[in-house]
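Let me see the structure of the following:
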Amino acid sequence: MTERQVDQTLNRLACEVVERNRGIRNVIVFGILRAGAKIARLVANQIGSIEGVTVSVHDLDITAFRDDTRRASNTERGLSSVPGGTGEIPAVIGSPDITDRDVLLVDDVLYTGRTIRAALDAIVRYGRPRTIQLMVLLDRGHREYPIQPDYVGRTIVTKASDRVEVVTNGKGSSVFVED
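Numbers count the residues shown, from 1 in each chain. Alright, predicted model coming up:
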């Protein structure tokens, strides 16, 4: 996908989010660190343009919740409102209230489902949202967990050995698939 195609796709996804939620009054956006957070910011900008408001985006650090990497310490787990932060939520200041909110969870590529499972664990640790909606730019299949996105930019057919990369610069993103 070219930068223009990604931009058009994100615009469509933003429209779907606004339509499904009848606006964004109750929506809070979380992007999974690294690439998912960048995509979340781009889609939040699109939503903001549609609704004429600034959409708040929070980074979600799932490192401590992964089941396929080293278990991180308690200070490394959770949500972060600061890019590259420790992942720790301050008790009051800076921690978004997700109770009874519609959480829009954003990632770049959905593959096995392990990343999303970890993200769900991280989110529910900090509150009980009304809904959690999943948006992915690319769905490449090959699930190990029963995870289904609510919003999909594109579904692509890949081999398990393929490498899919979303490259994000300051303004847009491009997608590359390598065999």
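
Quick check, Thr158 in contact with Arg140.
Yes - here Thr158 reaches Arg140: they are 4.6 Å apart, a contact under C-beta atoms under 8 Å. (Glycine included, C-beta is placed from N, CA and C.)

which one of the two has more residues nearby?
Legend: neighbour count by other C-beta atoms under 10 Å for Thr158 and Arg140, higher for Arg140 (20 against 17).

what are the ranges of the strands in the chain?
Remark: strands assigned in the chain by DSSP state E are 27-32, 57-61, 78-80, 102-110, 131-139, 151-155, 163-168, 173-178.

what helices or strands is the first one leaning on?
So that's strand 27-32. The contact analysis (3 or more C-beta pairs under 8 Å, 6 or more residues apart in numbering; DSSP states H and E) places strand 27-32 against helix 35-51, strand 57-61, strand 102-110, helix 114-125.

So what touches the longest one?
Going back to what we said before, that points to helix 35-51. Applying C-beta atoms under 8 Å, 6 or more residues apart in numbering, the contact partners of helix 35-51 are 7, 10-11, 13-15, 17-18, 23-24, 27, 29-32, 54-57, 59-60, 83, 104, 106-109, 135, 137, 166, 168, 172-173.

What residues sit buried inside that helix?
Neighbour counts over helix 35-51 (16 or more other C-beta atoms under 10 Å) mark 35-48, 50-51 as buried.

and which of these is nearest Ile116?
For these, the closest approach to Ile116 (C-beta to C-beta) belongs to Gly36, at 9.7 Å.

Bridge partners for Arg154, pull those for me.
Per DSSP bridges, residues listed as beta-bridge partners of Arg154: Leu138.

picking that back up, out of the helices and strands packed on strand 27-32, flag the one nearest Tyr145.
Among those, helix 114-125 comes nearest to Tyr145, with 5.1 Å by C-beta to C-beta.

quick revisit: can you list the helices and strands packed on strand 27-32 in CSV and add distance to Pro146?
Converted to CSV, those look like this (distance: least, C-beta to C-beta, whole Å):
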stretch, distance to Pro146
helix 35-51, 20
strand 57-61, 21
strand 102-110, 12
helix 114-125, 10
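
possible to save these as JSON lines with mean pLDDT?
Converted to JSON lines, the helices and strands packed on strand 27-32 look like this (pLDDT from 0 to 100):
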{"stretch": "helix 35-51", "mean pLDDT": "94"}
{"stretch": "strand 57-61", "mean pLDDT": "93"}
{"stretch": "strand 102-110", "mean pLDDT": "95"}
{"stretch": "helix 114-125", "mean pLDDT": "93"}
